[in-house]
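> quick check, what structure comes out for this input:
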Amino acid sequence: MKTSRWIVPSLVALVGVAQAQPAAAPARAPAVATPAAAAPAAGAAAITPPPRRPTFDPSDPVKYGTALAQYSEDFDAGWQDSYARTTVTQTEGGKVAFARKTRQIVLEGKDGDKSMLRFLSPADISGVAVLNYAHPKGTDDSWLYLPASRRVRRVSGASRTASFQGTEFSYEDLSRIFTSQFDWRFLEEKTLEIDGAKLPVYVLEAKPRYKATGYSKLLLHINRDLWRVERTIFHDRGGRLLKTLTYSRWKHFHQRWWRAGWIQMDNHQTRASTSIRLDPLLLTLSQYDKPGGGKPAPLTDEQFTKRALETF
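Alright, predicted model coming up:
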């Protein structure tokens with residue numbers, strides 16, 4: 001569940017294998033207009049165009065892999081902010097263990113994204129919230145708010161590899177993948193099949209440079225035409241296959257950015273899985289008109305503080 005465009009955006013770039021969904025609980029009115037009630041705003045700020053595709057040199061797999069990863073990161077930049085409501089479903093032993101509702105906001109920044117997620121239901125987890133500051137050149141800063149104690153506590157580096165609220169995602173998975181934080185290598189080009197669609201991808205190996213990690217390497221499958229990550233495979237610190245994250249039900253926002261409406265993390269060691277359905281999902285809030293008139297104000301840094309974590 002990361003904003004990370006490659007692992008959960010972020011929670012925000014997030015749909016795969018169809019499965020039974022629990023009945024949706026009544027949702028509170030969103031803070032901004034939803035796609036069903038909003039249309040792209042007339043006179044909104046211009047959309048950032050994609051960067052020009054460079055000429056890649058495939059002769060060195062390390063340099064080639066790094067260049068592909070960096071271009072994919074650059075290609076996805078410029079979306080500014082986002083809002084989503086999600087349904088998180090945990091499946092264990094072929095049965096639904098729990099289903100939860102959340103909402104999330106994300107603010108893009110030159111020095112890293114800021115994201116905030118709050119659980120809305122069921123009652124035993126309602127109000128629990130997480131704030132994350134992603135840093136391209138260092139360890140992320142994360143805080144957890146527990147309404148029972150009315151306290152905000154910092155998530156330590158040692159806790160980053162722990163399960164996030166009982167799901168197959170870890171706190172590490174909530175962080176964005178920055179090219180600068182990994183050593184890259186191009187492995188191959190292949191055709192990947194997801195939900196019947198055959199997708200041309202680059203397969204890149206990424207080894208974390210930072211110490212607070214539960215992974216020895218990741219294998220990213222980047223769409224060769226659309227520059228979005230279709231699948232990520234995780235290996236544990238011992239090199240064993242651990243998890244697979246798959247994105248599907250993609251939506252094309254403002255004819256510029258791709259975001260998945262569903263992500264699924266399958267744990268090959270526990271045989272459990274976590275799926276995340278994003279609906280509604282808004283990207284670049286200034287591009288929408290509110291139902292009552294006017295335009296949503298862009299998100300600001302003031303909405304991503306430890307104090308705001310208690311009331312979001």
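> make it CA atoms for all contacts and neighbour counts henceforth
OK.
> so how far is stretch 82-101 off the chain centroid?
When distances are taken as Cα atoms, centre = their mean, to the nearest Å, stretch 82-101 is centred 15 Å away from the chain's centroid.
> okay, how far is it across stretch 285-292, tip to tip?
Its first and final residues considered, stretch 285-292 spans 15 Å by Cα to Cα, to the nearest Å.
> what are the buried residues along it?
Buried residues in stretch 285-292, counted by 16 or more other Cα atoms under 10 Å: 285-290.
> tabulate these (TSV), appending secondary structure.
As requested, these are arranged in TSV below (DSSP: H, G, I helix; E, B strand; the rest coil):
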residue	secondary structure
285	helix
286	helix
287	helix
288	strand
289	coil
290	coil
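> okay if I get these as a markdown table plus distance to residue 173?
Formatted as a markdown table, those follow (distance: Cα to Cα, whole Å):
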| residue | distance to residue 173 |
| --- | --- |
| 285 | 25 |
| 286 | 28 |
| 287 | 29 |
| 288 | 30 |
| 289 | 33 |
| 290 | 33 |
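> how about the strands in the stretch 1-150 of the chain?
81-92, 95-107, 114-121, 129-133, 141-146 (DSSP state E, counting those that start in this stretch).
> which among these is found nearest to residue 154?
strand 141-146 (4.3 Å; Cα to Cα).
> CA atoms only: put that closest one into PDB for me.
Extracted in PDB, the C-alpha atoms of strand 141-146 (Å, rounded to 0.1, in the frame of the first residue of the first chain):
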ATOM      1  CA  ASP A 141      10.100   9.100   8.200                       C
ATOM      2  CA  SER A 142       6.800   7.400   9.300                       C
ATOM      3  CA  TRP A 143       4.400   8.000  12.200                       C
ATOM      4  CA  LEU A 144       1.500   5.900  13.500                       C
ATOM      5  CA  TYR A 145      -1.500   7.400  15.300                       C
ATOM      6  CA  LEU A 146      -3.500   5.100  17.600                       C
END
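> residues contacting that strand, please?
With contact meaning Cα atoms under 8 Å, 6 or more residues apart in numbering, strand 141-146 is reached by 127-135, 151-156, 306, 309-310.
> quick revisit: now, which of the buried residues of stretch 285-292 sits nearest residue 122?
For the buried residues of stretch 285-292, the nearest to residue 122 is residue 285 (27.9 Å; Cα to Cα).
> the closest one: what's it in contact with?
81-83, 296-298.
> now flag whichever of those residues is closest to residue 280.
Checking the contacts of residue 285 one by one against residue 280 (Cα to Cα), the nearest turns out to be residue 83, at 8.0 Å.
> residue contacts, the closest residue to the closest one other than its chain neighbours?
If the residues on either side of it in the chain are set aside, residue 83 comes closest to residue 105, at 4.6 Å by Cα to Cα, 6 or more residues apart in numbering. Residue 105 makes contacts with 81-84, 115-117, as judged by Cα under 8 Å, 6+ apart.
> which parts of the stretch 151-300 of the chain are strands?
Using DSSP E, counting those that start in this stretch, strands in the stretch 151-300 of the chain cover 151-154, 182-194, 197-208, 215-223, 229-236, 241-253, 257-267, 273-283.
> quick check, pLDDT for the residue lying farthest from the centre of the chain.
When each C-alpha in the chain is compared with the mean C-alpha position (Cα atoms, centre = their mean), residue 59 comes out farthest, at 31.8 Å. Looking at residue 59, its pLDDT is 99.
> ok, now which ones touch residue 114?
Residue 114 neighbours (Cα under 8 Å, 6+ apart): 106-108, 131-134, 304.
> any idea how far residue 63 is from it?
Going from residue 114 to residue 63 by Cα to Cα gives 29 Å.
> pull stretch 125-135 out as CSV, backbone CA atoms only.
The C-alpha trace of stretch 125-135 is given here as CSV (Å, rounded to 0.1, in the frame of the first residue of the first chain):
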residue,chain,number,x,y,z
ILE,A,125,-9.3,-0.2,13.7
SER,A,126,-11.2,3.0,12.8
GLY,A,127,-9.1,6.1,13.3
VAL,A,128,-5.7,4.4,13.1
ALA,A,129,-3.6,6.6,10.7
VAL,A,130,-0.2,6.6,9.2
LEU,A,131,1.9,9.5,7.9
ASN,A,132,4.9,8.9,5.7
TYR,A,133,7.6,11.2,4.3
ALA,A,134,9.5,9.6,1.5
HIS,A,135,13.1,10.6,1.1
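> for that stretch, which residues meet the burial criterion?
Using 16+ other Cα under 10 Å as the test for burial, stretch 125-135 gives 125-135.
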